[in-house]
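Trainee: For reference, the sequence and a predicted model appear below.
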Amino acid sequence: MSIKRVLYKSIVGKPLRSFALLFICIIMSAAVYGGAVISASLQNGIDSLEQRLGADIIVLPESASEKVKLENILLQGTPGYFYMDKDIANELAAIDGVDKLSAQYFLVSANAKCCTVQVQIIGFDEDTDFSVKPWLREAYSGKLGKNEIVVGSDLSTRVGHSLTLYGVECKAVGKLETTGTGLDTAIYAGSDTVRGLIKAAESKGISVLSKQDPADVISSVYIKVKDGYDIDEVSASINLGIDGVQAVRTKSMITGTADKLSVISGSVRLLITAVWLLSAVIMLIVFTVLINERKREFAVLRAVGFSRRRLAAQVLLGSLVICFVGAVLGIGICTAVVFPFSRLIERKAGLPLLIPDALTAAGYAFAALAAVTVTGPLASAYSAYRLSRVDTGRILREGD
Amino acid sequence: MNITARNISKSYKRKGISGEVQVLCSTDIDLESGKICLISGRSGSGKSTLLNILSGLLCASGGTVHYDGTDIYKLSDKELSLLRCSRTGYIPQVQSAVGTLTVRENVLLPSAVIGKGKDRFAADGLLERFGLTELADARPDSLSGGELRRLSIARALVNLPQAIFADEPTNDLDDENSRLVFEQLRKSADSGAAVVIVSHDRLAKEYADVVYCMQQGSLNREKGQL
């Protein structure tokens, strides 16, 4: 028998006591790790969205009114559409400070037999686009032909397979990486394809336009501002100079979500700290209470030749082992819950959630493991010190 | 091993009492290999305190304790702990088995401290000697008072100590078990160990070579000569 076995038996020999401590550690590590991952996922989601919007200003018809509407389309995948006269693009090009612009077309597939799924369809102009193509290339590097589409990661359609939209067979030529936003449930196509789909919808009796010809409308215009120009000033010029449209700075469009995210992120961090502190206090109390329960056991160990340092090490190592195992279990359980159910959490929270990559997640896991593992020894340090100072003779004479 | 204690004094602070309570005052004692020394006296007279000081478990307020010429309280805690473990055996007054270990593991505990924990033969020999072989893999909570006492003695003997300190080793035991305990301690003394017993048990006197009576913190010799 070795000293290690004495330690091992002191843990497994008191399963209830060990499990209670283990449970605290599981909760603590799950909260620390899960909180960190969710907080990072929210930040990643908003970063990804910001990156993918790719433009400085988005111009929408005034009738689309609240920017929230577009925000919902982009963030939560709420299907929606609106249109304005395509000549507005020419007016916008004449505004001082506008460097590049490109129109987009929104359409929603119907929840009917003619369509495989009801999703947001986003059309872009292959010749002028600068906001979609750069990251669309990750999924498809060619030029999108007529009735060719690129699908978001959440759609089950595989590359090479087709989707029926308003009775039109559209072939999926690429599939995008996950963004954690509503864009994951969208379909991207060239402007000709979307115009064709609008016509097909009309022919199916589903009227998305009031009177105009699909060739004469656009949904939004993405604008890149020239270097040296103030984005807010260009945006104001558009709002003042062109009737019936509203120019929205992309950053401000997601400000509401970013603010909400910031509050949630802050709350998550606060929660992590609170759980960690609470668990540390509980551990401190538990270890202090355990002193009395284990006084005789430690007095015996002292009597048979354990030095004070070895006795203290025995307490610290015991708590270290339990905390380490608890942390590993907590992180494991959290991984099993957060990662597979991130989509569900995203939908319930109504916020973009992009889980960090494996290396970053491993970093968080390691940090949580370290934080929880050192908490036990820290919480038991005072108990260890007191135990190592007990009057062995008195305890072995009086029994407590 | 010869143990010499000189001018041992010990005083405690007690809750609710101002000042210190003097338990031992200028006590001298010599312990010799192969002899059993019995210390008797009234409860609270300081017998166990003296035993703990002699065994290296409790530092005296004054005086010295030498093991073969080495002042044990001048050693570091680590050195003293190792000395206690490798050269002495301690039998406490109360039941003192570690509940999470089996009977055999309890007996092997002092061996584990000095890295000889794999020496199962020594443990099994002691278990047989104390009639605990069949209980070797049992947990202490299934043992009777007598069996637990025998376990404490077996544990104290596992490292073949040169000095054995027994604090009321027959407390709560019947005559038959008490005799068994004293016989084992006699055998250890006969093998060369210095044995110190603190006991009220009348039987103890039959086995002791030297008998001291502790009165008001001082020792008076009643029987024998070292």
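Mentor: Yes, it's here.
Trainee: For the rest of this, base every contact and every neighbour count on C-alpha atoms.
Mentor: Will do.
Trainee: in chain B, which spans are strands?
Mentor: B:3-13, B:20-31, B:36-41, B:62-67, B:70-71, B:88-91, B:163-167, B:194-198, B:210-215, B:218-223 (DSSP state E).
Trainee: Generate CSV for these, with mean neighbour count as supplementary columns.
Mentor: Converted to CSV, the strands of chain B look like this (neighbours: other Cα atoms under 10 Å in any protein chain shown):
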stretch, mean neighbour count
strand B:3-13, 18
strand B:20-31, 17
strand B:36-41, 26
strand B:62-67, 19
strand B:70-71, 14
strand B:88-91, 28
strand B:163-167, 27
strand B:194-198, 26
strand B:210-215, 20
strand B:218-223, 17
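Trainee: out of the ones you listed, which comes closest to chain A?
Mentor: The closest of the strands of chain B to chain A is strand B:88-91. By Cα to the nearest Cα, the value is 6.7 Å.
Trainee: Using PDB, write down the CA coordinates of that closest one.
Mentor: C-alpha atoms of strand B:88-91 as PDB (Å, rounded to 0.1, in the frame of the first residue of the first chain):
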ATOM      1  CA  THR B  88       8.300   4.000  17.500                       C
ATOM      2  CA  GLY B  89       4.800   2.700  17.700                       C
ATOM      3  CA  TYR B  90       1.900   4.500  19.200                       C
ATOM      4  CA  ILE B  91      -1.300   2.900  20.500                       C
END
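Trainee: Tell me which other helices or strands it touches.
Mentor: helix B:145-157, strand B:163-167 (3 or more Cα pairs under 8 Å, 6 or more residues apart in numbering or on different chains; DSSP states H and E).
Trainee: show me what contacts the one residue in the stretch 251-400 of chain A that gets nearest to chain B?
Mentor: Closest to chain B within the stretch 251-400 of chain A is A:Gly305: 4.4 Å, counting by Cα to the nearest Cα. Neighbour list for A:Gly305: B:81-85, B:110, B:113 [criterion: Cα atoms under 8 Å, 6 or more residues apart in numbering or on different chains].
Trainee: Which of those fall within helices?
Mentor: B:81-85, B:110, B:113 (DSSP state H).
Trainee: out of the helices and strands packed on strand B:88-91, deepest packed?
Mentor: strand B:163-167 (a mean of 27; mean count of other Cα atoms under 10 Å in any protein chain shown).
Trainee: Kindly report the residues of chain B close to chain A.
Mentor: B:48-49, B:52, B:57-58, B:77-78, B:81-85, B:89-90, B:92-101, B:105, B:108-110, B:112-113, B:115-118, B:156, B:167 (Cα under 8 Å from any Cα of the partner chain).
Trainee: Please enumerate the strands of chain A.
Mentor: Counting by DSSP E, the strands of chain A are A:57-61, A:84-85, A:98-108, A:120-124, A:148-151, A:162-165, A:168-175, A:186-190, A:217-218, A:220-225, A:245-249.
Trainee: Need the residues that contact the longest helix seen in chain B.
Mentor: As assigned by DSSP H, the longest helix anywhere in chain B is helix B:175-190. Applying Cα under 8 Å, 6+ apart, the external contacts of helix B:175-190 come out as B:33-36, B:146, B:150, B:153, B:169-170, B:195, B:203-204, B:207.
Trainee: Pipe the strands of chain B into a markdown table and attach mean pLDDT per row.
Mentor: What follows is these, written out as a markdown table (pLDDT from 0 to 100):
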| stretch | mean pLDDT |
| --- | --- |
| strand B:3-13 | 88 |
| strand B:20-31 | 86 |
| strand B:36-41 | 92 |
| strand B:62-67 | 92 |
| strand B:70-71 | 91 |
| strand B:88-91 | 92 |
| strand B:163-167 | 93 |
| strand B:194-198 | 94 |
| strand B:210-215 | 90 |
| strand B:218-223 | 79 |
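Trainee: Show me the shaky parts of chain B.
Mentor: Chain B contains residues with pLDDT under 70 at B:116-118, B:223-226.
Trainee: thinking again about what came up before, between which two of the contacts of helix B:175-190 is the distance greatest?
Mentor: B:Ser33 and B:Gly146 (27.4 Å; Cα to Cα).
Trainee: mind putting the strands of chain A in TSV, mean pLDDT and mean neighbour count included?
Mentor: Shown next, in TSV, are those (pLDDT from 0 to 100; neighbours: other Cα atoms under 10 Å in any protein chain shown):
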stretch	mean pLDDT	mean neighbour count
strand A:57-61	86	24
strand A:84-85	86	20
strand A:98-108	87	21
strand A:120-124	86	25
strand A:148-151	89	26
strand A:162-165	84	20
strand A:168-175	88	21
strand A:186-190	88	25
strand A:217-218	85	23
strand A:220-225	89	26
strand A:245-249	85	22
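Trainee: Turn those into TSV, columns for distance to chain B.
Mentor: Output for the strands of chain A, formatted as TSV (distance: least, Cα to the nearest Cα, whole Å):
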stretch	distance to chain B
strand A:57-61	70
strand A:84-85	79
strand A:98-108	68
strand A:120-124	64
strand A:148-151	61
strand A:162-165	66
strand A:168-175	59
strand A:186-190	61
strand A:217-218	77
strand A:220-225	72
strand A:245-249	68
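Trainee: Test my guess that B:Leu51 contacts B:Ala163.
Mentor: No - counting by Cα atoms under 8 Å, B:Leu51 does not reach B:Ala163; the two are 11.7 Å apart.
Trainee: intersection of neighbour lists for these two?
Mentor: With Cα under 8 Å, 6+ apart as the test, B:Leu51 and B:Ala163 both reach B:Val196.
Trainee: returning to what we had before: now which of the ones in helices among the contacts of A:Gly305 would you call buried?
Mentor: B:81-85, B:110, B:113 (16 or more other Cα atoms under 10 Å in any protein chain shown).
Trainee: hang on, A:Leu144 packs against A:Ser191?
Mentor: No - contact criterion Cα under 8 Å: A:Leu144 and A:Ser191 do not qualify, at 9.7 Å.
Trainee: Look at the two and report which has more neighbours.
Mentor: Neighbours per residue (other Cα atoms under 10 Å in any protein chain shown) separate A:Leu144 from A:Ser191, with A:Ser191 holding more: 25 against 19.
Trainee: quick one: that one and A:Gln104 touch, right?
Mentor: Yes - if you go by Cα under 8 Å, A:Ser191 and A:Gln104 touch, sitting 7.4 Å apart.
Trainee: so what sits against both of those two?
Mentor: A:123-125.
Trainee: Let's have those residues in TSV, adding distance to A:Ile333.
Mentor: Formatted as TSV, these follow (distance: Cα to Cα, whole Å):
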residue	distance to A:Ile333
A:Gly123	42
A:Phe124	43
A:Asp125	46
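Trainee: centroid residue for chain B?
Mentor: For chain B, B:Phe165 is the residue whose C-alpha lies nearest the centre (Cα atoms, centre = their mean; 1.9 Å).
Trainee: Who does that residue form a beta bridge with?
Mentor: The partner list for B:Phe165 in beta bridges (DSSP bridges) reads B:Tyr90, B:Val196.
Trainee: List the contacts of it.
Mentor: B:Phe165 makes contact with B:51, B:55, B:88-91, B:195-197, according to Cα under 8 Å, 6+ apart.
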